[in-house]
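Enquirer: Give me coordinates for this.
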Amino acid sequence: MRPENQNIIDYNAVGDRIQKERIKCGFTPKDLAEFSNVSLSAVNEIERGIRRVGLTNLVLIARTLNVGVEYLLFGKKEETSFSRREIKASVLLKECTEEEQDAILQTVETMVKVFADNRERAHSRLTRPDEGKKD
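Expert: The predicted structure is shown next:
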């Protein structure tokens, strides 16, 4: 290895960025370990800069935190707008078969429609309280 390439990655900074993004997602180290399929000891050691993160674990952690590998390595980030709940739902869906994912998505679509209808009915009652009353 050429000397100028030996310290191209600051693993302490990588660990800091992983920890920052984990906290931003509302995850504990245990959550990150579970959702990314990386051991808890590895997550803790990577965040503290004690262990150099391997490529496979880096990719798994980046996917779980919904950030790019390049950001975790070098601090260059493209903004995303996914919430902690959206990330968790995505992680959970990955554990299911395609058929199970389709069934879950159909159920969610139905629930969203029901919730929207309920909100509309509640809004109608608030804006038109006299409608529907019998004398």
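
Enquirer: show me the contacts for the residue nearest to residue 64 when sequence neighbours are not counted.
Expert: Nearest residue to residue 64 in three dimensions, chain neighbours excluded: residue 36, at 4.0 Å (Cβ to Cβ, 6 or more residues apart in numbering). Backbone N, C-alpha and C define where each C-beta goes, glycine included. By Cβ atoms under 8 Å, 6 or more residues apart in numbering, the contact set of residue 36 is 43, 57, 60-61, 63-64.

Enquirer: now, which of those lie within helices?
Expert: 43, 57, 60-61, 63-64 (DSSP state H).

Enquirer: which intervals of this protein have sub-threshold pLDDT?
Expert: Residue ranges of the chain with pLDDT under 70: 1-7, 77-82, 129-135.

Enquirer: So for it, the centremost residue is which one?
Expert: residue 87 (2.7 Å; Cα atoms, centre = their mean).

Enquirer: So it: helix, strand or coil?
Expert: Of the three states, residue 87 takes helix according to DSSP: H, G, I helix; E, B strand; the rest coil.

Enquirer: Would you confirm that it contacts residue 63?
Expert: No - counting by Cβ atoms under 8 Å, residue 87 stays clear of residue 63, with 9.3 Å between them.

Enquirer: intersection of neighbour lists for the two?
Expert: Counting by Cβ under 8 Å, 6+ apart, nothing touches both residue 87 and residue 63.

Enquirer: so where do the helices sit in the chain?
Expert: Under DSSP H, the chain gives helices at 11-24, 29-36, 40-47, 55-65, 69-74, 84-94, 98-127.

Enquirer: which one is residue 14 nearest to, not counting chain neighbours?
Expert: Per Cβ to Cβ, 6+ apart, closest to residue 14 is residue 72, 5.6 Å.

Enquirer: picking up where we left off before, from the ones in helices among the contacts of residue 36, which two are the most distant?
Expert: Across the ones in helices among the contacts of residue 36, the longest distance by Cβ to Cβ is 14.1 Å; it joins 43 and 63.

Enquirer: neighbour-wise, which of those two wins?
Expert: The neighbour count for residue 43 versus residue 63, taken as other Cβ atoms under 10 Å, is higher for residue 43 (27 against 17).

Enquirer: Pull the contacting residues for the more buried one.
Expert: 18, 29, 32-33, 36, 61.
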